[in-house]
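Engineer: predicted model follows, preceded by the sequence.
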Amino acid sequence: MNPLVVDQMTVAYDRQLVLEDVSFSVPEGKLVGIIGPNGAGKSTLMKAMLNFIPRMHGNVFVYGQPYEKQRHLVGYVPQRNSVDWDFPTNALDVVLMGRYGHIGLWKRPRKEDVEIAMQCLDKVGMLSYAKRQISQLSGGQQQRVFLARALAQDASIYLMDEPFVGVDAATEKAIIQLLNELKTRGKTVLVVHHDLQTVRDYFDYVLLLNKCVIAFGETERTFTYDHIQNTYGGKVTFLSTTHIVG
């Protein structure tokens, strides 16, 4: 049973279709890149999967059950620009939010939860910043904290919306190392990604999206010149042949 199935999802804003009849099924333990031009519906896809925005129709299944029954198995890392970084909280408190599904929303974190949160901060190189206000962190550090929050949730599926945007090279390297570690633990990770040059290096599977699914499958056979051109409307001319096939 595949961990994540999206079936005929359609989403519209003000009667304007943003996603149309999107369907795909992700095998377990894979890193999946979601690729497409601006306005293709990549972030909308994630938000609709998580019920943050309504779907006109379509379903999301997590291990064969509707997402609504399995939401605790899904972790989410939002775009940095969608977060209120001036909210008065520190890095440790942000990561502890990932434990709410285990302890209950209105209950105090247990010693065990604090230890897990600290371990997750350590994994992303942010342990020494545990008491630092998030507004005082750099963009890369903020992104690492949100990755730690997702780790603390101990989900089976992770949805990450452009985690590499606005981070330095060291943070990008740390993120991809973390994603590969999640994969070795059998986790399934979907990442909205914009850098076509790194797609083949980073992802096992690729979803090429432009309001509808242009192509989906193993990166080696799916990330082709023709599929890329179809996704971007024939406007991609800068890719080296070492980064695509076909």
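Structural biologist: Nice, thanks for sending it over. Numbers count the residues shown, from 1 in each chain.

Engineer: contacts only, for Val165.
Structural biologist: Contact analysis of Val165 by Cβ atoms under 8 Å, 6 or more residues apart in numbering lists Gln79, Arg80, His194. Placement of C-beta: from N, CA and C, glycine included.

Engineer: where is pLDDT lowest across those?
Structural biologist: Across these, the bottom pLDDT score, 72, is held by Arg80.

Engineer: circling back: out of the contacts of Val165, which is nearest to Leu147?
Structural biologist: Nearest to Leu147 out of the contacts of Val165 is Arg80 (Cβ to Cβ; 11.2 Å).

Engineer: correct me, but that closest one touches Gln143?
Structural biologist: Yes. The criterion here is Cβ atoms under 8 Å, and Arg80 meets it with Gln143 at 6.0 Å.

Engineer: which residue is nearest the centroid of this structure?
Structural biologist: Taking Cα atoms, centre = their mean, the centroid of the chain lies closest to Met160, which sits 1.4 Å from it.

Engineer: Val60 in helix, strand or coil?
Structural biologist: Secondary structure for Val60, judged by DSSP: H, G, I helix; E, B strand; the rest coil, is strand.

Engineer: which residues does it form a beta bridge with?
Structural biologist: Under DSSP bridges, the beta-bridge partners of Val60 are Val6.

Engineer: contacts only, for it.
Structural biologist: For Val60, counting by Cβ under 8 Å, 6+ apart, the contacting residues are Leu4, Val5, Val6, Asp7, Met9, Met49, Pro66, Tyr67.

Engineer: so who does the nearest residue in space to the fourth one that is not next to it in sequence touch?
Structural biologist: When you say that, I think you mean Asp7. Once flanking residues are discounted, Asp7 sits nearest to Asn59: 4.7 Å by Cβ to Cβ, 6 or more residues apart in numbering. With contacts defined as Cβ under 8 Å, 6+ apart, the neighbours of Asn59 are Val6, Asp7, Gln8, Met9, Pro66, Tyr67.

Engineer: got a PyMOL select line for the buried ones in the residues you listed?
Structural biologist: Applying 16 or more other Cβ atoms under 10 Å to the contacts of Asn59, the buried members can be selected in PyMOL as follows:
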select buried, resi 6+9+67
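
Engineer: out of the contacts of Asn59, which is nearest to Lys173?
Structural biologist: Among the contacts of Asn59, Val6 lies closest to Lys173 (Cβ to Cβ), at 30.0 Å.

Engineer: give me the pLDDT for that closest one.
Structural biologist: Confidence at Val6, expressed as pLDDT, is 98.

Engineer: one more: Ser82?
Structural biologist: 66.

Engineer: just to revisit the earlier point, of all the contacts of Val165, which comes closest to Val32?
Structural biologist: Distances from Val32 to the contacts of Val165, taken by Cβ to Cβ, are shortest for His194, at 14.8 Å.

Engineer: how about the closest one, nearest residue that isn't a chain neighbour?
Structural biologist: Glu162 (6.4 Å).

Engineer: got it, and Ala148?
Structural biologist: Closest to Ala148 by Cβ to Cβ, 6+ apart is Cys120, at 4.1 Å.

Engineer: am I right that Ser23 is in contact with Leu45?
Structural biologist: No. Counting by Cβ under 8 Å, no contact exists between Ser23 and Leu45, whose distance comes to 11.5 Å.

Engineer: what sits in contact with each of these two?
Structural biologist: Common contacts of Ser23 and Leu45 (Cβ under 8 Å, 6+ apart): Val6, Met9.

Engineer: which one's more surrounded, the two?
Structural biologist: Leu45 (27 against 14; other Cβ atoms under 10 Å).

Engineer: got a list of what that one touches?
Structural biologist: With contact taken as Cβ under 8 Å, 6+ apart, Leu45 is in contact with Val6, Met9, Val11, Leu19, Val22, Ile34, Leu209.

Engineer: one more: Gly64?
Structural biologist: Gly64 touches Met1, counting by Cβ under 8 Å, 6+ apart.
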